[in-house]
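Trainee: Below is the structure, and that's it, no one-letter string:
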């Protein structure tokens, strides 16, 4: 049960990260600190004299409601994880059913975890890092155009609906991923079982040292 919960948690967090990145024109994961994870920084494509100012990018982040979007995703995380755990419990009859108290305790634990994570890497720090990358890949004209869109009725409607879109999309993506991964896990379990049942291969003993004088 713990292994399944861990898988669900990892998938949830991974998909959440993808959704954070997908809502914006550039990814904060492309900046230089990403090299710590084996990801090479992307070379800036915008000349310095055409890069947007910090003020422009601040307006864009405000128009996109990035801070509110982050807060919304954090609020959704415990609920989404709970939904996936419940679905997996139904799909696997051997898994024990959880009581309402266990569900509530799990939800509180996830809320506390996400709150702690956000204190480790705050929204202000995330936005500052995102702005640094945006500045390398978007021109002043690009940012002005994006601001105009997000300030429009269509842009504001998109921002307003984004949390609901994510609430529907993330469980769907997780369900699809689980469907695709399940056969692979079953195959791995079969192979692991076959290996465990195979006869042990005797280890080659190191030759004993010859007695002195021989």
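Mentor: It's in. Keep in mind that this is a model prediction, so the values were computed, not measured.
Trainee: could you show me where the helices are in this protein, in order?
Mentor: For the chain, the helices defined by DSSP state H cover 2-22, 54-64, 66-91, 100-120, 123-137, 140-151, 153-197.
Trainee: so what pLDDT did residue 114 get?
Mentor: Looking at residue 114, its pLDDT is 72.
Trainee: So it is in contact with residue 79, correct?
Mentor: No - using CB atoms under 8 Å, residue 114 is not in contact with residue 79, being 11.1 Å away. No exception for glycine: its C-beta is placed from N, CA and C like everyone else's.
Trainee: Counting neighbours, go ahead and name the busier of the two.
Mentor: Higher neighbour count among residue 114 and residue 79: residue 114, with 19 against 15, using other CB atoms under 10 Å.
Trainee: mind listing what that one touches?
Mentor: Listed by CB atoms under 8 Å, 6 or more residues apart in numbering, the contact partners of residue 114 are 74, 77-78.
Trainee: now, which of those sits nearest residue 108?
Mentor: Residue 108 lies nearest to residue 78 out of the contacts of residue 114, by CB to CB, at 8.0 Å.
Trainee: Please list all residues in contact with the closest one.
Mentor: By CB under 8 Å, 6+ apart, residue 78 lies in contact with 106-108, 110-111, 114.
Trainee: hmm, which of those are the buried ones?
Mentor: 106, 110, 114 (16 or more other CB atoms under 10 Å).
Trainee: For these, give me TSV that also has distance to residue 99.
Mentor: Output for those, formatted as TSV (distance: CB to CB, whole Å):
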residue	distance to residue 99
106	11
110	17
114	23
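Trainee: now, which of those residues sits nearest residue 64?
Mentor: Top of the list for closeness to residue 64, among the buried ones among the contacts of residue 78 and by CB to CB, is residue 114 at 21.2 Å.
Trainee: now the closest one: how far from residue 71?
Mentor: Distance of residue 114 to residue 71, given as CB to CB, to the nearest Å: 10 Å.
Trainee: Could you dump the helices of the chain into JSON lines with distance to residue 45 added?
Mentor: Formatted as JSON lines, these follow (distance: least, CB to CB, whole Å):
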{"stretch": "helix 2-22", "distance to residue 45": "18"}
{"stretch": "helix 54-64", "distance to residue 45": "16"}
{"stretch": "helix 66-91", "distance to residue 45": "22"}
{"stretch": "helix 100-120", "distance to residue 45": "31"}
{"stretch": "helix 123-137", "distance to residue 45": "6"}
{"stretch": "helix 140-151", "distance to residue 45": "11"}
{"stretch": "helix 153-197", "distance to residue 45": "24"}
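Trainee: what's the closest of those helices to residue 44?
Mentor: Among the helices of the chain, the nearest to residue 44 by CB to CB is helix 123-137 (3.7 Å).
Trainee: Quick one: list the elements packing against the closest one.
Mentor: Applying 3 or more CB pairs under 8 Å, 6 or more residues apart in numbering; DSSP states H and E, we find helix 123-137 packed against helix 54-64, helix 66-91.
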